[in-house]
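Visitor: what's the 3D shape of this:
(chains A and B)
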Amino acid sequence: MGQPLGIDKEFQHHRITNPFEEGLLRKPKPAILTIFGATGDLAHKKLFPALYMMMRQNQLSTNFAIVGIGRRDKTLQEFREEMCASVRKYARIKPVDDTSIQSFSERLFYFKTDIQDPKGYEALSNFLKELDIKLGTQGNRLHYLSVQPEIVTTIVENLAKSNLIYKPNGDDRFSRVIIEKPFGHDLNSAKELQNTLRQYLEEDQIYRIDHYLGKETVQNLLVFRFANILFESIWNNRYIDHVQITVAEDIGIGSRAGFYEKEGLFRDIMQNHFIQLLCLMAMEPPANLISNSIRDEKVKVLQCLRQFSKEDMEKYVVRGQYTEGLIKGERVASYRNELNVDKHSDTATFGAMRLFIDNMRWSGVPFYARAGKRLPKRCTEISLFFKKMPEILFFKDMPHHPHNVLSFRIQPEEGIHVLFNCKVPGQSTIQSVKMNFEYTNYFGDNNIPEAYERLISDSLLGDSTLFARCDESINSWEFFEPILEHMEKIPLSQENFYASGSWGPKAADEMIQRDQRAWKNL
Amino acid sequence: MNHSLTILQELMEKVKKESRQHPCLFNFILYAKKEHIDSYLTSVVKRISNEYPCNILLLQEGDREEIMVDLPIFSIYFSNKEELPLLLFPLLKSDLPTYLLFAEDPAEFSLPGMENYITKVIFDSSRAPDLSSFAKRMIDFPYPFADLAWNRIEQWQQLFAEQFNRKDKLNLMSRASSVSIFYKGICPIQALYLQAWMAFKLGWKIASFEKDVIRYLHQGEEIIVQLIADETSVLSHGRITAVHIESKTDGQMRFIRDPQKPHVATIEQMFLNYCEMPSIYFFDEERFGRSLSMEVCKNFTNKSLYHTLTEIANYPQEALCR
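Guide: Residues are numbered from 1 along each chain as shown, chains lettered A, B, ... in the order given. Next comes the predicted model:
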């Protein structure tokens, strides 16, 4: 487990009660993790392999059980075999040894129920109580809701009615819920979701997961900024010309047409992943590393986002949709020809925008964001472009000399790169050269934990630093709602379409060129 | 001196040949006599180098004698310690911390001229004649230090940290009347460390020390700690194979490593009114190198190690001699 970024009150208290914990890596309490949607893709590919790795590295209590909840008929044996097969296939470190997979398998249980049926929850409650007695899991519950967003509130209501979640009552037990994005469809539904959740849970029992925040590179943003005076001192509008954030995917929507048609790119990426990256990149230093201090600073960034005027929205918000094209040499279909997509769909699969953070640090610095599907490569990167040197000395006759650029590659090939100017040997030319730091070079492939390992571990420990707080989500919706409303009024026109394998519609290039800048070549 | 310069020239040639830039986090110097470079020591260095890219140098006293170690290291041979700085300086990567693993008797530690260049010294107290003299020496040691023997009990510390997370278990521990620590072979240093760490954490005060039996007092009650040699395990010498804790008022807990599969431990818990199903704990040997390298990267001495050594320094030396 990596060094904790934040230590919450519970942990501090916990540390005092157990004298042996001091100075050692923190370990979670005994607990049962229930996974709603345990037979889904995410569970197979990410959650169970992550849990296995956590167990293998002693990041789970020995008194721990995982209960998969599903509606399909399945014997315990079948469930265990399926999940262990997924672990063998997707575990971060292979091969998976027999003793550890056997022990992991013994912690797995399956409970068949219709998750919309309240009666099933009573039976589930009894089942978990039996496990508490057998396995010493002490009544602690973490519920992972890997389900369609529409049924999250139904599950939470039913969990509460069966006392499977409860507000803290002073005893040692905990009950927590992990929910996945989207946290609402718009501002109203986000508020509604929050109101429902808060009827049954305190805010610190709700873990809104965004797997981007579990990535080492994202966590390192804060360390990089606030542990290096070299960079923190120039991290402001005096030295930074502009910032670019790109979240590019080469894949299409796959089998997610139902979800994507409803949500689109702005809700799927911009409103959450992008916003989280922006906040971590732009926030002020927190007062301390406790989760709420960090999240307070993130919220302040959101509160300083300049709302778009109608005119600016037309000029500085671009959307697009992919048409057919070539990805890695393979011909791929247009969005409208994807399975289960409306042939006249106006859903955006690409977005670009320029925004401003109106505070002392960032006033006047434009932030350019672009995200999309079926772009030439999978790549998430934040790049800070520094102001240019005066056009004297070396640059006297070179008005278009390059910026110094500091880039954080979030995925893939996680690392940090610096572009700076250098004299070409034997010539009087100045050339931009790249200094690379890559995680795997320094720390090896196997030592970088999967985002889900870190996030599940933190939710078991009660550390919510790497999860979105309610007001982050609400503030983000407040910013995006007018943009979404504006876009929904106007159908896509020819200029919005882009060929798969390109970097989006021309309008995205024109948007940044209007400011005499260009997108970084990724 | 001529001899040193020839060696230096040879080394520089070697460096030039392999001048491709590699990532490097720190310099790591292994100081060991040939006969002490065993598979354990090699595995420690290997794990550190697997974990982090570093510049590994092997310091060997005496004539050049190739040692077959499967590691990307430079070997430096010296006949007199005064030459060492001259041999070492050109090979140290600049601006990086330098950690020294001194795999000989800690009492022999001295590297004249190198004092300002070593960030932390890692000893192996199992090379010392007894733990008490090591402890006494370390209390006033001028540099940050670590001890391999201490790192070898880290998994047991983690197990304790995890297991004693409940009131009933903590009560049992704090009202323990006897603790038996089983260890492989003849060297009880890790067992001594574990019990001294427990005593420090729980505030036990030492009452008497006989060979392999330590009596503590806590809130007026006596706790008897026994160190028992155990030959059944396939674990290497000195490793702790089991811990039994018994309380007259609360019950007992046993942590037993499987003799054939030592990475698996069974936990048995019997309280006065109930028993818990035995559970399994994994001694993740893979983490050993990691905990050591994490330890190495801290430029200070582990607080618990220091306090535990302070406890041990009070033990009568004759009782700890092997």
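Visitor: Quick check: phi and psi at A:I483.
Guide: phi -70, psi -50 (degrees, to the nearest 10).
Visitor: wouldn't it be in contact with A:F308 here?
Guide: Yes - counting by CB atoms under 8 Å, A:I483 does reach A:F308; the two are 6.4 Å apart. Using the backbone N, CA and C atoms, a C-beta is placed for each residue, glycine as well.
Visitor: Give me the common contacts of these two.
Guide: Common neighbours of A:I483 and A:F308, using CB atoms under 8 Å, 6 or more residues apart in numbering or on different chains, are A:V317.
Visitor: which ones are touching the closest residue to A:S146 other than its chain neighbours?
Guide: Leaving aside its chain neighbours, A:S146 sits nearest to A:G37 (3.7 Å; criterion: CB to CB, 6 or more residues apart in numbering or on different chains). A:G37 makes contacts with A:43, A:69-70, A:145-147, as judged by CB under 8 Å, 6+ apart.
Visitor: Okay, the residue of the stretch 51-200 of chain A found nearest chain B and A:F174: tell me how far apart.
Guide: Using CB to the nearest CB, the single residue of the stretch 51-200 of chain A nearest to chain B is A:T62, 4.5 Å away. Note on A:T62: its distance to A:F174, by CB to CB, to the nearest Å, is 18 Å.
Visitor: hang on, the earlier thing: touching, the residue of the stretch 51-200 of chain A closest to chain B and B:P278? I think so.
Guide: No - under the criterion of CB under 8 Å, A:T62 is not in contact with B:P278, lying 10.0 Å apart.
Visitor: Those two: which is more packed in?
Guide: Neighbours were counted for A:T62 and for B:P278 using other CB atoms under 10 Å in any protein chain shown; A:T62 has more, 21 against 11.
Visitor: which stretches of the stretch 51-200 of chain B aren't confidently modelled?
Guide: B:63-72 (pLDDT under 70).
Visitor: contacting residues around A:L305?
Guide: So A:L305 contacts A:355-358, A:479 (CB under 8 Å, 6+ apart).
Visitor: rerun at 7 Å
Guide: The neighbourhood of A:L305, defined by CB atoms under 7 Å, 6 or more residues apart in numbering or on different chains, consists of A:355, A:357, A:479.
Visitor: quick one: the last one is in a helix?
Guide: Same thing as A:F479. Yes - counting by DSSP: H, G, I helix; E, B strand; the rest coil, A:F479 falls inside a helix.
Visitor: Spell out, range by range, the strands that occur in the stretch 351-500 of chain A.
Guide: With DSSP state E, counting those that start in this stretch, the ranges of strands along the stretch 351-500 of chain A come out as A:366-372, A:379-386, A:405-411, A:415-423, A:430-438, A:497-499.
Visitor: Show me what the second one packs onto, helices and strands only.
Guide: Yep, that's strand A:379-386 we're talking about. strand A:240-248, strand A:405-411 (3 or more CB pairs under 7 Å, 6 or more residues apart in numbering or on different chains; DSSP states H and E).
Visitor: that's a helix at A:D296, yeah?
Guide: Yes - applying three-state DSSP, one finds A:D296 inside a helix.
Visitor: for residue 109, what are its contacts?
Guide: Reading this off chain A. A:65, A:67, A:76, A:131.
Visitor: nope, chain B
Guide: B:102, B:121.
Visitor: 10 Å - rerun?
Guide: Applying CB atoms under 10 Å, 6 or more residues apart in numbering or on different chains to B:F109 gives the contacts B:31, B:100, B:102, B:121, B:123, B:137, B:141, B:143, B:145.
Visitor: Would you mind measuring from it to chain A?
Guide: For B:F109, the distance to chain A (CB to the nearest CB, to the nearest Å) stands at 25 Å.
Visitor: what's the neighbour count on B:D258?
Guide: The burial count for B:D258: 16, using other CB under 10 Å.
Visitor: likewise A:V433?
Guide: Neighbours of A:V433 (other CB under 10 Å): 12.
Visitor: what do you get for B:M138?
Guide: Close neighbours of B:M138, defined as other CB under 10 Å, add up to 22.
Visitor: okay, and the common contacts of A:T62 and B:P278?
Guide: Counting by CB under 10 Å, 6+ apart, the contacts common to A:T62 and B:P278 are B:I267.
Visitor: shouldn't A:F394 be in contact with A:V424?
Guide: No - if you go by CB atoms under 10 Å, A:F394 and A:V424 don't touch, sitting 12.0 Å apart.
Visitor: Who has more neighbours out of the two?
Guide: Legend: neighbour count by other CB under 10 Å for A:F394 and A:V424, higher for A:F394 (14 against 10).
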